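S.K.: got a predicted model here, sequence first, then my questions.
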Amino acid sequence: MPRLDLLIAHNLGLSRGQVTRAVRAGRVQTPEGEPLRDPGLKIAPSALPQMVIFAHEPLVLRVRYHLLQHKPVGVVTALRDDRHRTAYELVRGAPLGRDLRAVGRLDLDTSGLLLWTTEGALLHRLTHPRYAVRRTYQAALTGPWRAPPPELELDDGHRPEILDLRPLAAEEVHPGLQVPEGTGALASITIASGKFHEVRRIFAALGAEVLGLCRVSFGPLELPRDLAAGEHREIDLHALFAGTLHPAPLAAGEAPDEAPPDPLLEDE
Ligand code: URA
């Protein structure tokens, strides 16, 4: 069960020693102003997030945090980058921002739904091919595309699993999709994997070039139409994915999933 001192250190990026001194000096209190003087006080996970007062300021104690970002075009999915602004710069001020990591990647020129989480085991499951989380993209294309052959193979030998591919009606276009001049067709495509430039390479193999690309859903999550590019909001990934992450059977010779067990998901 999490301890008070470790939780405060985790949430504020302080050392345990700094927190212990603050607790002993009575600088950590309940919201009612009662001093909490035991640094080792156990706090039940079910009681989190929980508010305390730390050095006269309210502080919400958490063990994890997840958010959904509307990644804009023109930022890279990275923690730091020498040439471009990063998607991380837009979320690092969130609670537990130091520990947030992106769930997969979107290209510099792709906008749309990007999840961030502080939990490594959950991140692993959401991105691992065995769990085949469905992703839907809207694309602005140079023109019509050919129907995919049954065994479509990309330049690196990858065989994309296209679950849905259809023309997109103008009234369905998400506000997050940029439709540049010269667009000759609009498409919606759903795939079950997240290989490098996968959607761009699928359309290239089908005879069309992607001019604008926006991820509009990931698993059961949709990019809210009222979430402007660059904004984000807190979500509860465990609740939203509960019961949906089922691993596919291992193929011959395939290594088993090595993510540490996640107690919350093990309960499914
Ligand atoms: N496929 C792409 O080509 N680019 C992305 O950003 C995501 C999927």
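M.R.: On my side now, so go ahead.
S.K.: C-alpha from now on. contacts and neighbour counts both.
M.R.: Will do.
S.K.: for the stretch 151-268 of the chain, which residue gets nearest to the ligand?
M.R.: For the stretch 151-268 of the chain, the residue closest to the ligand is His197, as judged by C-alpha to the nearest ligand atom, at 3.1 Å.
S.K.: spit out the contact partners of the nearest residue to Val63 once chain neighbours are set aside.
M.R.: Setting aside the residues directly before and after it, Val63 is nearest to Leu7 in space (C-alpha to C-alpha, 6 or more residues apart in numbering), at 7.1 Å. For Leu7, the set of contacting residues under the criterion of C-alpha atoms under 8 Å, 6 or more residues apart in numbering consists of Leu61, Arg62, Val63.
S.K.: wait, doesn't the second one sit right on Gln50?
M.R.: Yes - applying C-alpha atoms under 8 Å, one finds Arg62 in contact with Gln50, separated by 7.0 Å.
S.K.: what's the next secondary structure element after the host helix or strand of Leu123?
M.R.: Under the assignment given by DSSP states H and E, the secondary-structure element containing Leu123 is helix 120-127. Next helix or strand after helix 120-127 toward the C-terminus (DSSP H and E): strand 135-141.
S.K.: so what strands line up beside that following strand?
M.R.: Using DSSP bridges, strand 135-141 pairs in its sheet with strand 185-191 (antiparallel), strand 210-218 (antiparallel).
S.K.: pull the distance from the shortest one to the chain's centre.
M.R.: It stands for strand 185-191. Mean C-alpha position of strand 185-191 versus that of the full chain (C-alpha atoms, centre = their mean, to the nearest Å) differs by 21 Å.
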